[in-house]
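>>> Requesting a structural model of the entry that follows:
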Amino acid sequence: MKTLKLYSLVILLALSFALPTFAQRKAGKTPASSAATTQAARGVDTITAAQLKNYLSFIASDEMEGRDTPSRGLDTTAKFIAMNLERWGFKPAGDDGSFFQKIVLRRDIFDGAHSSAEINGQKFNFGEDFLPTAVGATITGPAVYVGHGWVIKSKNIDAYKGIDVKDKIVVVFGEGFPQGITRADLTGKMGEDWISPALYAQQHGARAVLAMADYGMLLRWDQTRQRTAGAAPRPQVERFMTQSGPAVPVIWLSPRMSAALFQGEKYSATALMAFGSSVAPMSVSVPNGPPVSVTLPFELNPARNVNLTIAAKSEKPMTQNVVAVWEGGDPVLKNEYVAVGAHYDHIGICMPGTADPICNGADDDGSGTTALLGMAEAISHAKQRPRRSVLFVWHCGEEKGLWGSRYFTENPTVPLDHIVAQLNIDMIGRSKKDGDTNPRNKELSGPNDVYVIGSTMMSTELGELVDSVNKSFLNIGFDKRYDDPADPNRFFSRSDHYNYARKGIPIIFFFDGVHEDYHQPGDSPDKIDYQKMEKIARTVYMTMWEVANRPLRPKVDKPLPAQLTVD
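Predicted structure coming up:
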């Protein structure tokens, strides 16, 4: 009954905010120019600070509970967006004639009471001796030890030389990279140029990965045990989980269980722990014994009897992207699309048990979500249609790892090669005030400025276009300090435009900068600079129109820099 009352309240709020507000608005000022008539015909003045504040006050309200992916708050926000799109006459571009591109998630839940392990008749207990991932399986068969278990082609590292792991149990040491290797060495494509132990096991048909606990894992053992046996874990996108083959369980072994596994083998567990993640044969010292020369990989005694049962169950919650098309007016060019996007999710109830537990995400990315709504409303009231169609996508799960944009670009509802450009809006609502000395606001942009990232990364023409539109329109400050593949913040790869760029689509990313309330409950609607939001939303909107009306699509004249293509 409480849920029903909440939904009733939410729908009433949604309807009140969805009512037309034209009578209450005063058109924002636009520069006096010969383009004024064109601007009016395109409906840009429909985008106002008052309109954006109305929408954002709903989208970032406590009733939306922080819009986590998945959550009822996110679902309600999606329905609110779709309700307005239908009212404005948009064409649904999701699944089955709807505005929703459904995404199946999966949450695997471990059942410790029905899990067991045994080596040569010796029994071991969950929590004390082993900690598995929640992948249900009965595991038995021959085992092979492969040390660190990595393949890194650029460093000529292959832990599996001369070994076939199909239908075998792969045993590794620890969880880190091979000795001397860092994240920066993982160049090229994951699964081809570099492969982790778990992924290699998936790709090559191994039955499981048993990982001997290293020092770091032993320090976290109790914490990991509590997490494994505790509340349901965070779900993942099911399709992403199965792309590399059937899931393979990974089981951490305590030193006691590791010792039992290697009892009577050519190397003891103690010697292998001393060898660690080394990449070359070496002599290692063991307590109370002579040095041992270790060469890997090697197969364990086939008579060794290893039996593990991992019990788990799966839940499959759903989430969705919201996808709509405003059809173009040119009989040929309407088959191409200018994509505009924002992520409508945030991080949910982030501070449970406190006086202010909800991270409302007003700036991140309620501001982009709302700007996209304002642009959709504006184009629906324009006196003409753009020549190309405009694809509006509100992405889910950006905060979980760019889920929505990855899912859309891998499973597009329109031909991906017909998308000529993508304009992404993620955080455009905060401004640095005069006299603000807070170091966490040091890089926050001012009330007439915005960071523009990626506009020339792939297309010189697209960069020139957005600069030209801005100079002839509102002339806000374009700060391009982060438009650099070597940016240490890696802003280019941290929002949804990234997945479009990886598919060869030129992008522009509009961003106000990080601030003191980033991913905090203080990111609330009352701190938003709505005048700034209006200016940036109008600028993005006019840029969209210019791209849509060009006779030719923006030319991609540069490849995406190599350092931005690492998985």
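
>>> could you show me where the strands are in the stretch 51-200 of the chain, in order?
Using DSSP state E, counting those that start in this stretch, the strands found in the stretch 51-200 of the chain span residues 91-92, 100-110, 116-119, 122-124, 130-132, 137-140, 143-145, 151-152, 157-158, 169-173, 194-195.

>>> In a markdown table, list those strands along with mean pLDDT and distance to Lys442.
Any C-beta I mention is one placed from the backbone N, CA and C, and that applies to glycine too. Converted to a markdown table, the strands of the stretch 51-200 of the chain look like this (pLDDT from 0 to 100; distance: least, C-beta to C-beta, whole Å):
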| stretch | mean pLDDT | distance to Lys442 |
| --- | --- | --- |
| strand 91-92 | 98 | 43 |
| strand 100-110 | 94 | 37 |
| strand 116-119 | 96 | 52 |
| strand 122-124 | 97 | 52 |
| strand 130-132 | 95 | 42 |
| strand 137-140 | 95 | 50 |
| strand 143-145 | 97 | 50 |
| strand 151-152 | 96 | 37 |
| strand 157-158 | 95 | 41 |
| strand 169-173 | 97 | 43 |
| strand 194-195 | 94 | 36 |
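
>>> Let me know which of those strands is the nearest to Asp426.
strand 100-110 (19.1 Å; C-beta to C-beta).

>>> which helices and strands does the closest one pack with?
Other elements packing on strand 100-110 under the criterion 3 or more C-beta pairs under 8 Å, 6 or more residues apart in numbering; DSSP states H and E are strand 236-237, helix 238-241, strand 312-315, strand 318-326, helix 403-410.

>>> out of those, nearest to Asp363?
Ranking those by distance to Asp363, with C-beta to C-beta as the measure, places helix 403-410 first at 18.6 Å.

>>> Outside of the closest one itself, list whatever touches it.
69, 101, 103, 237, 239-240, 319, 321, 323, 341, 343, 345, 393, 395-398, 416, 496-500, 502-503 (C-beta atoms under 8 Å, 6 or more residues apart in numbering).

>>> sorry, back to before: wait, which of the strands of the stretch 51-200 of the chain is closest to Asp517?
By C-beta to C-beta (comparing all of these), the closest turns out to be strand 100-110, at 28.1 Å.

>>> related to what we said a few turns ago, please tabulate the helices and strands packed on strand 100-110 in TSV, including the columns distance to Ala486.
TSV is the format used below for the helices and strands packed on strand 100-110 (distance: least, C-beta to C-beta, whole Å):
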stretch	distance to Ala486
strand 236-237	30
helix 238-241	28
strand 312-315	42
strand 318-326	31
helix 403-410	23
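
>>> who wins for proximity to Tyr55 among those?
That would be strand 318-326 among those, by C-beta to C-beta, at 13.9 Å.

>>> What average pLDDT does the closest one get?
For strand 318-326, mean pLDDT is 98.

>>> List the buried residues in it.
319-326 (16 or more other C-beta atoms under 10 Å).

>>> was I right about Arg388 contacting Asn549?
Yes - applying C-beta atoms under 8 Å as the test, Arg388 and Asn549 come out as touching, 7.4 Å apart.

>>> Settle it for me: which of the two has more neighbours?
Arg388 (29 against 18; other C-beta atoms under 10 Å).

>>> pLDDT at Thr295, what is it?
Looking at Thr295, its pLDDT stands at 88.

>>> For it, give its distance to Ser455.
53 Å (C-beta to C-beta, to the nearest Å).

>>> State the mean pLDDT of the longest helix seen in the chain.
The single longest helix within the chain, with elements called by DSSP state H, is helix 530-549. Helix 530-549 carries an average pLDDT of 98.

>>> how about that helix: buried residues?
By 16+ other C-beta under 10 Å, the buried positions in helix 530-549 come out as 530, 532-549.

>>> Buried ones from the contacts of helix 403-410, can you make that a ChimeraX selection?
Buried subset of those, written as a ChimeraX selection, criterion 16+ other C-beta under 10 Å:
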select :69,101,103,237,240,319,321,323,341,343,345,393,395,396,397,398,416,496,497,498,499,500,502
